[in-house]
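1. missing the sequence, but the structure's below:
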């Protein structure tokens with residue numbers, strides 16, 4: 001994979017910032033090409049699988065998956081072939097996840113209780129108003 005910062009020179013050649021990169025001593029165009037380990041490739045047709053051990057491989061992203069993703073724990077390692085009508089061939093490891101508390105539900109219940117209290121107050125208020133009218137009529 002490419003380094004996070006673009007070098008100023010590649011094998012003695014000055015690079016155009018934002019337009020050119022350096023891959024294993026070769027200058028390449030950042031608009032069409034990328035670097036996978038030490039291999040240049042057109043990123044419109046291929047992808048790079050960083051294996052996390054200093055090696056990388058090219059693969060076809062519409063027919064294959066890279067299971068060596070550092071952000072996801074997969075059972076498989078390396079590159080696998082995606083079956084017909086499938087979206088992935090990598091299997092995630094099973095983890096026990098803690099459920100998050102849902103604050104919206106609690107807030108919604110509180111709002112519901114508040115509306116119920118308001119309605120009860122209205123009913124009590126109407127009863128008191130009727131009682132006052134009866135007393136005034138006497």
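-> Here it is on my side, so go on. Remember, it's a predicted structure, so these values are computed and weren't measured experimentally.
2. Could you pull up the residues touching residue 18?
-> Counting by C-beta atoms under 8 Å, 6 or more residues apart in numbering, residue 18 touches 6, 30. Any C-beta I mention is one placed from the backbone N, CA and C, and that applies to glycine too.
3. Tell me if it really is in a helix.
-> No: according to DSSP: H, G, I helix; E, B strand; the rest coil, the state of residue 18 is coil, so it is not within a helix.
4. Which residue, other than its chain neighbours, is closest to residue 20?
-> residue 27 (5.5 Å; C-beta to C-beta, 6 or more residues apart in numbering).
5. Give me the buried positions along the helix or strand where that neighbour lies.
-> Under the criterion of DSSP states H and E, residue 27 resides in strand 26-29. Buried positions in strand 26-29, judged by neighbour count with 16 or more other C-beta atoms under 10 Å: 27-28.
6. same thing with stretch 68-84?
-> Those would be 68, 74, 79-80, 82, for stretch 68-84 by 16+ other C-beta under 10 Å.
7. which helices and strands does the strand holding residue 27 pack with?
-> Under the contact definition 3 or more C-beta pairs under 8 Å, 6 or more residues apart in numbering; DSSP states H and E, strand 26-29 sits against strand 20-23.
8. Strands of this protein, start to end?
-> Remark: strands assigned in the chain by DSSP state E are 9-10, 13-14, 20-23, 26-29, 33-36, 39-42, 47-50, 56-59, 64-66, 79-81.
9. would you turn those into TSV with mean pLDDT and distance to residue 89?
-> Shown next, in TSV, are these (pLDDT from 0 to 100; distance: least, C-beta to C-beta, whole Å):
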stretch	mean pLDDT	distance to residue 89
strand 9-10	94	36
strand 13-14	94	40
strand 20-23	94	28
strand 26-29	96	30
strand 33-36	95	20
strand 39-42	95	21
strand 47-50	94	13
strand 56-59	94	11
strand 64-66	92	5
strand 79-81	93	4
